[in-house]
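got a sequence here, can you build the structure:
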Amino acid sequence: MKKVTIIFPGWIKAPNGAARFVFGLRSCINDFANQGIGLSTFTLDDVHGEVRNFSNNDKIKRKASLKNKLMRYAKYSHLMTYAMIYFSGLRYSKRIVEAFDEIPNDELPDIIHFQDLFTCYYYLRKRKNKKSGYLTLHSNGSLWSMYEEYYPLFRSCFFGIMKRRIEDVVLNRVDKVNFVADFPRWNFCHLYPHISSQKTSFVYNGIPDIEGGSKGISSTNQTRLVCVGTLCNRKNQIGILHALSKLTSEQQKSFSMTFVGDGPSRNILEKVAATLSADIYFVGNSNQVNDYLTNSDAFILFSKDEGLPISIIEAMRCGLPIISTRIAGIPEMIVEGISGYLVDVDEQQLSELFEKILIDRPDFVKMGEKSRIIYEEKFSQKAMILSYAKLWQKA
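Prediction:
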């Protein structure tokens, strides 16, 4: 049996997509064993010796509020940008690598699979053994695009030496660079042509199925849209509201929009929403996401930058058609006009799509059924298990 350890510099029950992804892999240990893979995970919970609980919503909100304030300062200071990247990521990557290094060489797995660029860098920089190192990038193919979206000054030459050093160590020493969709893999090969395409691969994210949760039928003539995700510039919820604002007041009344999640953009979003005739709801973070999905007609995500969003897969699992942007792996999730709609990151295009929906009255139930079929075929947990097992067995 081939032994594989997933290293994740976070907490397994943290309320974010990366943690949900790793937790999903860990919950399939028995299924991987049936495929000849002895899977284990190494997270910050293992470093601290206990599973961290995230049930205190007030504490989470206070920390998120402080982080959001500091991120605003980071827009104007290189030092603050580095401090934010260090305290929100780098220090955890260092800590988990130091803890993992205490494991004797003869107890190490055959493959060490990293879910974070910085963790992979710190490990490979002090690598003392010949074990295979894999890295999965949950991005559009660029090593830095998500960091640069959150921290604009990270694009400056001030951080150039740091970036080049990390790229040199990781890309030259890692055995395999894996992605969550084919387009990010292709884009990576385009951005880093000196890295052989044979060194790259992709495996679609997959999530377990759920029982029940049939869609509720709308009692009004409104089209009920729902968006799940952190309220921030990268997720671009403000673009959805701006697109709605381009409709007439009567047209706006034909839509309701529910935002599930919280984040730094909430205040400005609420101010813009107050000027619209559409029904706009902000419900904050929730443990009942599926309830909001099943009581909606369509899911919308107008992101500027993504890899392969778990939130879209969750909506497909609930049988919702998807409206999203033509970026990264998202076009691989949607059949245009059949299971959903794709637009550029363009508010006018999205507004015109809203008008088209009002005129054509598409059968969202039928489109949602197709979306559900795509989930079962490509983005189920079973499909992901088989793909990862095949990837690791080749090592």
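
what does the worst-scoring helix or strand of the chain on mean pLDDT rub up against?
Lowest on mean pLDDT, DSSP states H and E among the helices and strands of the chain sits helix 57-74, with a mean of 77. If you take Cβ atoms under 8 Å, 6 or more residues apart in numbering as the criterion, helix 57-74 is touched by 15, 54, 80-81, 83-84, 88, 150-151, 153, 262-264, 285. The C-beta positions use only the backbone N, C-alpha and C, and glycine is treated the same way.

can you report phi and psi for the closest residue to L231 other than its chain neighbours?
Leaving aside its sequence neighbours, L231 sits nearest to G263 (Cβ to Cβ, 6 or more residues apart in numbering; 3.5 Å). Here is the backbone geometry of G263 (degrees, to the nearest 10): phi 160, psi -180.

hang on, the earlier thing: could I have the least confident helix or strand of the chain exported to CSV, CA atoms only?
Coordinates of each C-alpha in helix 57-74 appear next as CSV, following Å, rounded to 0.1, in the frame of the first residue of the first chain:
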residue,chain,number,x,y,z
ASN,A,57,-19.2,32.9,16.0
ASP,A,58,-18.7,36.1,18.0
LYS,A,59,-14.9,35.4,18.3
ILE,A,60,-14.7,34.5,14.6
LYS,A,61,-16.4,37.8,13.7
ARG,A,62,-14.1,39.9,15.9
LYS,A,63,-11.0,38.3,14.4
ALA,A,64,-12.4,38.8,10.9
SER,A,65,-13.2,42.4,11.6
LEU,A,66,-9.7,43.1,12.8
LYS,A,67,-8.2,41.3,9.8
ASN,A,68,-10.4,43.3,7.4
LYS,A,69,-9.2,46.6,9.0
LEU,A,70,-5.6,45.6,8.7
MET,A,71,-6.1,44.5,5.1
ARG,A,72,-7.2,48.1,4.3
TYR,A,73,-3.9,49.5,5.7
ALA,A,74,-2.0,46.9,3.6
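
that older thread, need the max-distance pair from the contacts of helix 57-74.
Comparing every pair within the contacts of helix 57-74 by Cβ to Cβ identifies F54 and L153 as the most remote, at 29.9 Å.

OK, contacts around the spatially most central residue of the chain?
Ranked by distance to the mean C-alpha position of the chain (Cα atoms, centre = their mean), the top residue is P309 at 4.3 Å. By Cβ under 8 Å, 6+ apart, the residues touching P309 are G17, G229, L301, S303, S324, I330.

at 10 Å what do you get?
17, 138, 180, 205, 228-229, 235, 301, 303, 315, 322, 324, 328-330, 333 (Cβ atoms under 10 Å, 6 or more residues apart in numbering).

three-state assignment of Y134?
strand (DSSP: H, G, I helix; E, B strand; the rest coil).

that one: how many residues sit nearby?
As a burial measure, Y134 scores 23 neighbours (other Cβ atoms under 10 Å).
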